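S.K.: sharing a sequence plus its predicted fold:
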Amino acid sequence: MELAVDVRALTKRYGQKRVIGGLDLGVSSGVTGLLGPNGAGKTTLLRCLATVLAPDTGEVRVLGLDPADHAQRAALRRRIGYLPQDPELYGHFTVAQMVDYIAILKELTGRRERLDEVRRVLAEVDLSAQAAVKVKKLSGGMRQRLGIAVALVADPDFIILDEPTVGLDPEQRMRFRTLISRLGETKVVLLSTHQTEDVAALCERVVVFRAGAAVFDGTPDELAWQAEGKVWSTVSRPAGSEVFWRTVDGRYRVVGGRPQDGQVVEPTVEDGYLRLLSDTQEKIS
């Protein structure tokens with residue numbers, strides 16, 4: 001399968017701190033999720049792929065183009081939609097003006113063409129009724145939805161989303177999943193998230209990062225089964241340092257060693273993620 005994103009031996013440092021070290025990663029069509037703790041390198045990787053940052057060493061090809069080449073980088077930016085963690089939205093613009101401004105930057109020169117595009121992307125994120133509202137008056141969730149709309153301007157081939165569901169209420173999160181699953185049928189979507197339920201619902205593939213390296217690459221089901229035989233239900237509060245929490249039925253769910261009277265239960269993506277991080281931390285230590 002032809003790769004839409006091909007990363008070879010990518011490294012990136014901030015001062016003396018190595019954020020990504022020798023990363024190899026290939027991404028093809030569909031929806032791929034990035035999981036990992038804060039500081040794992042996910043955002044840095046996305047910024048490199050979005051051409052916001054240049055890697056220190058290594059090779060990157062996105063949609064067959066080399067971001068290190070000025071002309072190819074300009075061509076690539078026309079085909080990328082990017083939602084950063086903290087999107088820069090101008091508070092004195094209306095919602096429609098903000099999207100129209102991005103459409104101009106994406107070289108949609110016709111006024112009617114831009115108007116149609118503004119209407120299209122605002123409808124995608126359920127902001128049509130807020131088109132004339134100033135950005136500074138939007139709620140946090142609405143601002144996030146506007147950031148997603150901006151990333152969809154000009155129908156990009158490669159969509160990069162960094163924590164896209166932050167601030168969205170449950171209804172809007174479901175609407176987002178519907179949108180992204182549809183886009184993933186024909187486009188390349190790469191999203192970073194802390195929400196394991198979004199990964200389980202949306203992603204055909206998930207890559208887990210820790211300390212600037214990919215420590216897992218597979219399907220959500222394969223990630224869940226990293227905790228096979230290591231997830232338990234018990235009526236007694238566990239002792240020791242295992243990960244556990246009290247569930248609504250009054251029992252305790254434990255990820256790790258078997259507690260007294262523990263009954264094994266089927267793992268979830270979250271269980272597999274927690275167990276994987278625990279295992280890799282032990283190896284690092």
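M.R.: Received the coordinates, thanks. Numbering: from 1, shown residues only.
S.K.: how about the helices of this protein, start to end?
M.R.: Assigned by DSSP state H, the helices in the chain fall at 42-49, 70-77, 95-105, 111-124, 140-151, 170-183, 196-202, 220-224, 269-284.
S.K.: show me the shaky parts of the stretch 1-150 of the chain.
M.R.: The stretch 1-150 of the chain contains residues with pLDDT under 70 at 1.
S.K.: just to revisit the earlier point, and residue 263, which of the helices of the chain is closest to it?
M.R.: Among the helices of the chain, the nearest to residue 263 by C-beta to C-beta is helix 269-284 (14.6 Å). Where C-beta positions appear, they are placed from N, C-alpha and C, glycine not excepted.
S.K.: for that closest one, what is the average pLDDT?
M.R.: Average pLDDT, helix 269-284: 80.
S.K.: try stretch 250-261
M.R.: Stretch 250-261 comes out at a mean pLDDT of 91.
S.K.: need the contact list for residue 6.
M.R.: Contact analysis of residue 6 by C-beta atoms under 8 Å, 6 or more residues apart in numbering lists 26, 59, 60, 61, 62.
S.K.: just residue 25 next, same as before
M.R.: Contact partners of residue 25, counting by C-beta under 8 Å, 6+ apart, are 5, 7, 10, 45, 207, 214.
S.K.: out of these, who's nearest residue 222?
M.R.: Nearest to residue 222, judged by C-beta to C-beta, of the contacts of residue 25 is residue 207 at 11.6 Å.
S.K.: residues touching the closest one, list them.
M.R.: Applying C-beta under 8 Å, 6+ apart to residue 207 gives the contacts 25, 32, 33, 34, 35, 214, 216, 217.
S.K.: equivalent analysis for residue 172, please.
M.R.: By C-beta under 8 Å, 6+ apart, the contact list for residue 172 reads 126, 141, 145.
S.K.: just residue 206 next, same as before
M.R.: Residue 206 touches 32, 33, 34, 35, 199, 216, 217, 218, 219, 220, 223, 269, counting by C-beta under 8 Å, 6+ apart.
S.K.: and with 10 Å instead?
M.R.: Residue 206 is in contact with 31-35, 193, 196, 199-200, 216-224, 269, 272-273, counting by C-beta atoms under 10 Å, 6 or more residues apart in numbering.
S.K.: just residue 29 next, same as before
M.R.: Neighbour list for residue 29: 1-4, 157-158, 184-189, 204 [criterion: C-beta under 10 Å, 6+ apart].
S.K.: 8 Å - rerun?
M.R.: By C-beta under 8 Å, 6+ apart, the contact set of residue 29 is 4, 184, 186, 187, 188.
S.K.: would you confirm that the last one contacts residue 3?
M.R.: Read it as residue 188. No: applying C-beta atoms under 8 Å as the test, residue 188 and residue 3 come out as separate, 9.6 Å apart.
S.K.: which neighbours do these two have in common?
M.R.: 27, 28.
S.K.: which one's more surrounded, those two?
M.R.: For residue 188 and residue 3, the more surrounded residue by other C-beta atoms under 10 Å is residue 188, and the numbers stand at 24 against 16.
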